[in-house]
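**Student:** coords please:
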Amino acid sequence: MLGKPPRRGTVVEAVLDRLRANGLTVTVHLPHDHGKVSTSELIDADLVVQRGLRASMLSELLAVELAGVRCCNPIAATMAAADRLEAMQQLAESGVAVPPTHAVTDWEEACQAAGSRPLSPMSSGRSEGVVAGECFVGEHGSVDDVGESTLE
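**Tutor:** Numbers count the residues shown, from 1 in each chain. Model prediction:
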């Protein structure tokens with residue numbers, strides 16, 4: 001496994017435990033701790049399961065996949081899905097219903113686009129940082145105050 005560590009009580013932890021109980025070797029690599037993927041350690045793996053890797057790390061892992069190592073979730077597809085705005089646009093163009101989505105560059109733009117609707121950062125895959133609240137926009141379009149509560 002490559003990426004973020006499995007949390008206690010999750011399906012991922014249970015699968016890893018079951019694999020180990022059946023005599024298989026399972027190694028968890030945490031590249032975020034040292035900033036890069038050690039591709040030489042992965043080249044002999046039977047399967048690489050990647051979770052929560054940054055784009056730069058996925059790029060490194062793509063070479064391992066192209067060298068013939070099987071990866072759970074194809075790396076190129078993971079990289080394509082990581083750009084949430086692009087993925088949403090492609091889904092919409094393919095006729096899949098998606099929620100209204102606006103890409104903005106700063107908080108003021110986000111408030112103006114959202115009004116009192118929830119905000120979700122495009123960089124998060126688990127809706128971390130979703131903000132429910134109201135933006136109060138002043139006369140000249142600047143944010144005077146933000147009433148917010150972060151959802152966890």
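**Student:** Could you give the number of residues near residue 50?
**Tutor:** 23 (other C-beta atoms under 10 Å). (C-beta placed from N, C-alpha, C; glycine too.)
**Student:** and stretch 14-21, average pLDDT?
**Tutor:** Stretch 14-21 shows a mean pLDDT of 93.
**Student:** If we go by neighbour counts, what in that stretch is buried?
**Tutor:** residue 16 (16 or more other C-beta atoms under 10 Å).
**Student:** And the pLDDT for the residue lying closest to residue 27 once chain neighbours are set aside?
**Tutor:** Computed as C-beta to C-beta, 6 or more residues apart in numbering, the closest residue to residue 27 that is not its neighbour in sequence is residue 1, at 7.2 Å. Residue 1 carries a pLDDT value of 82.
**Student:** got it, and the one 3 residues further on?
**Tutor:** Predicted confidence (pLDDT) for residue 4: 81.
**Student:** quick one: the strands in the chain?
**Tutor:** Counting by DSSP state E, one finds strands in the chain at the ranges 2-3, 48-51, 71-72, 131-137, 143-150.
**Student:** least reliable of those going by mean pLDDT?
**Tutor:** Taking the mean pLDDT of the strands of the chain, strand 143-150 comes last: a mean of 42.
**Student:** what residue ranges in the protein score low on pLDDT?
**Tutor:** By pLDDT under 70, the weakly predicted segments of the chain are 32-37, 118-152.
**Student:** now what about stretch 41-51, what contacts it?
**Tutor:** If you take C-beta atoms under 8 Å, 6 or more residues apart in numbering as the criterion, stretch 41-51 is touched by 1-4, 12, 27, 29, 58, 61, 64-65, 67, 69-73, 75, 78.
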